[in-house]
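Visitor: here you go, sequence then predicted model.
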Amino acid sequence: MTPEFPRPHRLDQIGAGETNVTVEANETERAALARRFDLVALDRLAASFALRRDAAGVRASGHLSAAVTQSCGVTGDPLPAKIEEDFAIRFLTEPTEDESHDEIELAEEDLDTVFYTGSALDLGEAAAETLALALDPFPRSPNAAEVLKQAGVISEEEAGPFGALAALKDKLGKK
């Protein structure tokens, strides 16, 4: 698969201290990413990275900024949103065939991990994956609840045990 937003950063450009890099997607790249993530539009995508080598690989911390338009999962209405997301990633070399079968236990404080091959990190793909994780998985417009109610879908409150009791109380009260 060819990435929609390639921004390779060579490993030999990361010195002993911190290296700062900013990437921004152009119009064509944003359109391709919008298709990939099923967005109505992706009007802006930029990320700033602070890269630092460590014993295991390369640590990246930074900030992602995006302007997206998603579709409501109920009504299909366009829902514009701004995403401002801090992130922390660890870049590690792709495991070999033997290493890929080993289990790796992650502690709660472990960073998101992105694997790379060769002599460069793809900061654009890392930004794209960070965007994907920051998107609302169930975008809902303000009138989605009413549309669902009209379609006969009951809310979580109505479906729960107290909702059933309220419905029973209503039935008993009508007799």
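Guide: Happy to help now that I have it.

Visitor: burial count for residue 137?
Guide: 8 (other C-beta atoms under 10 Å). Just so you know, the C-beta spots here come from the backbone N, C-alpha and C atoms, and that holds for glycine as well.

Visitor: those strands in this structure, which residues are they?
Guide: Counting by DSSP state E, one finds strands in the chain at the ranges 8-10, 19-24, 41-53, 58-71, 78-93, 112-116, 120-122.

Visitor: gap between the closest residue to residue 125 other than its chain neighbours and residue 124?
Guide: Residue nearest to residue 125 in three dimensions, not counting chain neighbours: residue 3, with 4.7 Å by C-beta to C-beta, 6 or more residues apart in numbering. When distance is defined by C-beta to C-beta, to the nearest Å, residue 3 is 6 Å away from residue 124.

Visitor: of those two, give the one with the bigger neighbour count.
Guide: Using other C-beta under 10 Å as the criterion, residue 3 and residue 124 rank with residue 124 on top: 22 against 15.

Visitor: got a list of what that one touches?
Guide: 3, 5-7, 23, 25, 29 (C-beta atoms under 8 Å, 6 or more residues apart in numbering).

Visitor: what about residue 144, distance to residue 79?
Guide: The value you get for residue 144 to residue 79, if C-beta to C-beta is used, is 10 Å.
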